[in-house]
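J.: no sequence on this one, just coordinates:
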């Protein structure tokens, strides 16, 4: 039985994509796989959320895209992080840490806000 | 291009937007192809693999439209709005023209009514004048006791007054009695001119009748 998908809070998709692209360039399908694997099969981005987020971030100049050839020999669009994207990742990561720390403190989670 | 063709072109996506949509569609189709191949590697048959890939993807066409809008910055929407604005302005202009024509028609109707009223007044005025002209001045008939005032600018001796006597005559110098009662003023003038013609070379005699009991005729 497939596990129920986790509802991601606002800004999480953006942060996950930026972090994944900071490791390596990837196409949309590859990003979904990478995030799923690194989250221990807990997070699976929906295509309907991922692709609009990718195009929005590209418009903002945080990521860039170019057509390439995928592992199956087909054309695929690959995304990479720009310098603006790196700055955005840094600030978004700090915001995320503050938010999760604050929420963790309220919830009384161990290690939260440390 | 006709106006309607231009409108349709403005309403439909531009070539640039069509290119963006094709780009997005190709990207998402590549995504589906990778998902199908993963399914095949897992041992699914092609039909099942495709069905699973499409099911996981969700609203394919909606995602294509959403991404196209994001990449074009809603240019098509802005153009559609601009066409709507143009259409609204055109309708407003037409309504204003219709209103203007209605006002013009009302003004013309008022002018026509005024012209008609003036024509009626003119007609009535002319009719009144005609009626006045048709009213013949009452002929002055010399009666007993009336006084006749003779005026002749050429002959000073013919400027005098004479009263109609009880026998209906007046007594004139040099020519004696002449019967005037019952005659009109022009008839009296004619009779006097005839009488005095034998005594004066040129007679320009006019008569004013002063009826008895009145100062003037």
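T.: It's in. These numbers were taken from a predicted model, which means no experiment stands behind them.
J.: What ranges does the chain have for its strands?
T.: Assuming you mean chain A. A:63-69, A:75-81 (DSSP state E).
J.: wait, chain B
T.: Counting by DSSP E, chain B has strands at residues B:147-152, B:160-163, B:169-172, B:176-179, B:205-210.
J.: Mind checking those strands for the one nearest to residue A:41?
T.: Residue A:41 lies closest to strand B:205-210 among the strands of chain B, at 141.0 Å (CB to CB). Any C-beta I mention is one placed from the backbone N, CA and C, and that applies to glycine too.
J.: Contacts for the closest one, please.
T.: Residues outside strand B:205-210 that contact it (CB atoms under 8 Å, 6 or more residues apart in numbering or on different chains) are B:140, B:142, B:146-152, B:155, B:158, B:161, B:185, B:188-189, B:192-193, B:196, B:216-217.
J.: please redo it, this time with the cut-off set to 7 Å
T.: Strand B:205-210 has contacts (CB atoms under 7 Å, 6 or more residues apart in numbering or on different chains) with B:140, B:142, B:146-152, B:158, B:185, B:188-189, B:192-193, B:196, B:216-217.
J.: Report how many residues lie close to residue 61.
T.: No chain was given, so I picked chain A. Other residues near residue A:61 number 12, with proximity taken as other CB atoms under 10 Å in any protein chain shown.
J.: The chain in question should be chain B.
T.: Neighbour count for residue B:61, taken as other CB under 10 Å: 9.
J.: returning to what we had before: will you turn the strands of chain B into JSON lines that also has mean neighbour count and mean pLDDT?
T.: Shown next, in JSON lines, are the strands of chain B (neighbours: other CB atoms under 10 Å in any protein chain shown; pLDDT from 0 to 100):
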{"stretch": "strand B:147-152", "mean neighbour count": "18", "mean pLDDT": "89"}
{"stretch": "strand B:160-163", "mean neighbour count": "14", "mean pLDDT": "90"}
{"stretch": "strand B:169-172", "mean neighbour count": "17", "mean pLDDT": "89"}
{"stretch": "strand B:176-179", "mean neighbour count": "14", "mean pLDDT": "88"}
{"stretch": "strand B:205-210", "mean neighbour count": "19", "mean pLDDT": "88"}
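J.: Any chance of the ones you listed in CSV with distance to residue A:20 as columns?
T.: What follows is the strands of chain B, written out as CSV (distance: least, CB to CB, whole Å):
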stretch, distance to residue A:20
strand B:147-152, 135
strand B:160-163, 141
strand B:169-172, 146
strand B:176-179, 147
strand B:205-210, 133
